[in-house]
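> Okay, predicted coordinates and the sequence, questions at the end:
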Amino acid sequence: MLIGGRENADLQGFDEQGQPIPYRLLGEHSEPHEIAATLGGREEYWEPVSASGKIFADVPGPVGESATEAYRCYSIGAYRGAIILARAVIEAAAKSKGISGRNLEVKIDALAAQGHVRAEIAASAHEVRFIGNDMAHGDFATTVVSGGDALDILDIMDDVLDQVYGVPTRLERRRARRAEGRE
C-alpha cells in the first residue's frame, strides 16, 4: 500500500528494469530511516489523505471486513468503490445465510422471504443493487455518484447487516444474560 512520497532528484531510485525513478515512495512497511530519508524533514504528500472505516463487531469475518473497507473507500472519496463493495457485502450476507440464486435480485428477495430482513430493508437493498449493477457493468459515464449517494448506499448496507447479523446477535446475548441470571 502506497502511503506517500517525495520528488527529489537526490533520492532517485531505480525500478526493476534499472530505469531511474524521479521520486521515492513510502509504503505501509517502510522503515523509519526510509521515511526520514524520503521526506527529508518535510512532508510532500500522503495517500490516502485519511482512511477510516466503521467496525462491524457483530458481522462475521470477510463480510464485516469488506463492510469496513467500503467505509474506508468512502472516507477517501472513492465513492464508486464504496458502492460496489456495499453491493458485494449485501450479496455476501445473503450467501452466508445459505441463500443462492442466479443474481442479487433473487438473493435479496430470499433474504426477505426467509425473514432475515424486513420488506423495507429488502426494497432498499434493491436500490443498492440498481446503482451497483450499473457500475459493475461499466456504466460509469451514465452513473453519476456523489458523496451523498455513497453515504446513502452505506446506510442501506448497514441496515441490511444489522437485520441479518446485529439483531439476532443482540437477541442471543440478551437471552444468554437472562439464562445466566445476570439481569
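Yep, it's here.
> end to end, how far does stretch 95-103 reach?
End-to-end distance of stretch 95-103 (Cα to Cα, to the nearest Å): 11 Å.
> which other residues reach it?
Stretch 95-103 has contacts (Cβ atoms under 8 Å, 6 or more residues apart in numbering) with 60, 63, 107, 110-111, 114, 116, 164. Any C-beta I mention is one placed from the backbone N, CA and C, and that applies to glycine too.
> Quick check: which ranges of this structure have low pLDDT?
1-16, 18-51, 182-183 (pLDDT under 70).
> Spatially central, which residue of it would that be?
Nearest to the mean C-alpha position of the chain, by Cα atoms, centre = their mean, lies Ala70 at 1.6 Å.
> is it true that that one touches Met157?
Yes. Between Ala70 and Met157 there is a contact at 6.6 Å, judged by Cβ atoms under 8 Å.
> how about the contacts of stretch 95-103, which pair is most distant?
Pro60 and Ala110 (18.7 Å; Cβ to Cβ).
> Of those two, give the one with the bigger neighbour count.
Higher neighbour count among Pro60 and Ala110: Ala110, with 18 against 13, using other Cβ atoms under 10 Å.
> Around the closest residue to the more buried one other than its chain neighbours, count how many other residues there are.
Using Cβ to Cβ, 6 or more residues apart in numbering and skipping the chain neighbours, the partner closest in space to Ala110 is Ile99 (4.5 Å). Ile99 has 18 neighbours, counted by other Cβ under 10 Å.
> Check the secondary structure at Ile99 for me.
Judged by DSSP: H, G, I helix; E, B strand; the rest coil, the three-state class of Ile99 is coil.
> How much space separates it from Val117?
Separation of Ile99 from Val117 (Cβ to Cβ, to the nearest Å): 11 Å.
> Return every residue with contacts to both of the two.
With Cβ under 8 Å, 6+ apart, Ile99 and Val117 have common neighbours Leu111.
> tell me the domain boundaries of the protein?
2-46, 61-179 (automatic domain parsing).
> Quick one, which of those gets closest to Ser52.
domain 61-179 (4.7 Å).
> hmm, back to that, what touches both of Ala70 and Met157?
The contact sets of Ala70 and Met157 overlap at 86, 89 (Cβ under 8 Å, 6+ apart).
> Find the nearest non-adjacent residue to the residue nearest to the centre of the chain, please.
Leu85 (3.8 Å).
> what residues are up against the one you found?
By Cβ under 8 Å, 6+ apart, the contact list for Leu85 reads 66-67, 69-70, 73.
> buried ones in the helix or strand harbouring it?
Counting by DSSP states H and E, the element that carries Leu85 is helix 79-96. Applying a neighbour-count criterion of 16 or more other Cβ atoms under 10 Å, one finds 79-94, 96 buried in helix 79-96.
> Show me what secondary structure element comes after that helix.
Assigned by DSSP H and E, the successor of helix 79-96 is helix 104-113.
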